[in-house]
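J.: Make a model of this:
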Amino acid sequence: MTTSAAPGRDGLSILGPEAKRELLYNVENPDVPNRVDRFLQAFESILRHTNYGALLDLYARSRAKCGRCATTCQVYQVTKNPMDIPCYRTDLLVKVYQRYFTFGGWLNGLASGEGFLTEEDVDEMMNAFYRCTACRRCTLECPMGIDHALITHLGRYILSEVRLPPRALQVSVRAQLEGETGNTSALPLKALKSNLEFLEEEIEEDKGIQVKLPLDQSDVEYVFFAPVSDFIMEADTVMGNALVMHAMGEADNWTLGSGNYDSINYGLFYSDWILERNIQRLVAEVRRLGGKKILIGECGHASRSAKQFVPVFGGPNPPPVVNCVELAYQKYLEGKLRLKPKAISERVTYHDPCNISRSGWIVDQPRELLKVIAENYVEMTPNGTQNYCCGGGGGTVSIEEMHDFRMEVGGKVKADQLKATGADIVVAPCANCKKQLREVIKHYELPMEVKGLHDLLYQAVELE
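T.: Next up, the predicted model:
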């Protein structure tokens, strides 16, 4: 992308107009009229009905613009593009807030006649907000504690209300919330049942025991939600989930639901009201089945969206949220999950999905399990809360036209990190990370494969 050091005529941007028009994604409604007015109307409505205003007011007063966040951003490390500096991207939106929604900004703008939002600014925000993987690594470095990914999310939310989000996300959301199948992969219930039966047969043939993938069982402890793509493309992970539940003594205490069997929540990427509707669908399915807890499969963003927002949008007495990795580790500590030491002979490394690791929620648990079952375990550098994003976070992995950007920009630093481990297997308990990492490995011709944690637990579980 070409950039220019000349300041924009509107005073909001440091990039020239040629840098603003190169959108990375296809818009479902590219000819939306009066975009500036609609953007400001949507912004005003969101401020009125949410508590974003208090946050923006704080950030407007405290942002330092020191650029320390640039040193941690894997996108900026590759592009050196000012648009990719997290505090610059945050400033695009905060300046609009100051100019139009604070008294001092309004007064200054009235006196100077400058700082007005323009069509070019909208173009730039459409681009900048989707160049970010929303990994939040920059937030750990910000001396003022500014959550740049949250501002990116808010910017995307406003754009979605103006009908300017990526078409790929819109199509998937429509299939999930309004389609006949009710899931992002449009997997019919009949096909799901057939797949579950097939996987049960595979386990019995391989392990010599009957293991159920139960459907619509009532009054159980756990109602299980996996990314629906797992039932199509991650058979080893799903079989691992089932075998681990069986081995832990929970065979009769969990179920999938026929009313909703997709944990994916694209609202976390770009729209709060879509986020809320999907959370309510999860909770409604648990209520229908009389379950006690939500059990999320190997999916980073589904786990985070449920963990953080079921208490917010789940109504009175919302069900607790548990991730399958932390449950397996808990049962291992209790002696209810027995594992074969050194069952995996290949060299294994672990990728921390941003949505479950950046906050410190799920960091040590998978590592402790892998250190038991892997004969040769090696860490990435950096790792844990500081680990690099897969390069396809923030929903960008679902936008196919962004493939080259995800490989050459978002995934470049990750590819170098993977290569340095010399691993044969990279474990990534997240559907989006698995997809992105497989494409990165193929693109950079790395001699390794991607698996889920439960893929390996399937091989290492000791059965009575």
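J.: now Asn260, nearest residue through space, not along the chain?
T.: Glu285 (4.2 Å; C-beta to C-beta, 6 or more residues apart in numbering). (Each C-beta comes from the backbone N, C-alpha and C, glycine too.)
J.: For that neighbour, identify the helix or strand it belongs to.
T.: Element membership for Glu285, per DSSP states H and E: helix 272-289.
J.: In CSV, list the C-alpha atoms belonging to the helix-or-strand element of the chain with minimal mean pLDDT.
T.: Each helix and strand of the chain was given a mean pLDDT (mean pLDDT, DSSP states H and E); the minimum falls on helix 103-112 at a mean of 83. In CSV, the C-alpha atoms belonging to helix 103-112 read as follows (Å, rounded to 0.1, in the frame of the first residue of the first chain):
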residue,chain,number,x,y,z
PHE,A,103,-18.6,20.5,23.9
GLY,A,104,-14.9,21.7,23.6
GLY,A,105,-14.4,19.9,20.3
TRP,A,106,-17.6,21.2,18.9
LEU,A,107,-16.7,24.8,19.9
ASN,A,108,-13.2,24.5,18.5
GLY,A,109,-14.5,23.1,15.2
LEU,A,110,-17.1,25.9,15.0
ALA,A,111,-14.5,28.5,15.5
SER,A,112,-11.8,27.1,13.2
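J.: Now do it: which elements does it pack against?
T.: helix 86-101 (3 or more C-beta pairs under 8 Å, 6 or more residues apart in numbering; DSSP states H and E).
J.: Taking helix 103-112 as reference, get the angle to the helix it packs on.
T.: Angle, helix 86-101 to helix 103-112, by axes from the mean of the first three to the mean of the last three C-alpha atoms, to 10 degrees: 80 degrees.
J.: how about the strands in the stretch 351-464 of the chain?
T.: 374-377, 425-427, 449-451 (DSSP state E, counting those that start in this stretch).
J.: Name the residues that touch the second one?
T.: Okay, so that is strand 425-427. When contacts are defined by C-beta atoms under 8 Å, 6 or more residues apart in numbering, strand 425-427 is touched by residues 344, 346-351, 366, 370, 418, 437, 441, 448-453, 455-456.
J.: Buried only: go through those residues for me.
T.: 344, 347-351, 366, 370, 418, 437, 441, 448, 450-453, 455-456 (16 or more other C-beta atoms under 10 Å).
J.: Among these, which ones are in helices?
T.: Pro366, Leu370, Leu418, Leu437, Ile441, Leu453, Asp455, Leu456 (DSSP state H).
J.: Which one of those residues is nearest to Val94?
T.: Distance to Val94, by C-beta to C-beta, is smallest for Leu437 among those, at 33.4 Å.
J.: Point to the residue nearest the middle of the chain.
T.: Nearest to the geometric centre of the chain sits His301, at 3.5 Å (C-alpha atoms, centre = their mean).
J.: quick one: it is in a strand?
T.: No: the assignment for His301, made by DSSP: H, G, I helix; E, B strand; the rest coil, is helix rather than a strand.
J.: Please verify my assumption that it contacts Leu268.
T.: Yes: proximity of His301 to Leu268 meets the contact threshold set by C-beta atoms under 8 Å, at 5.3 Å.
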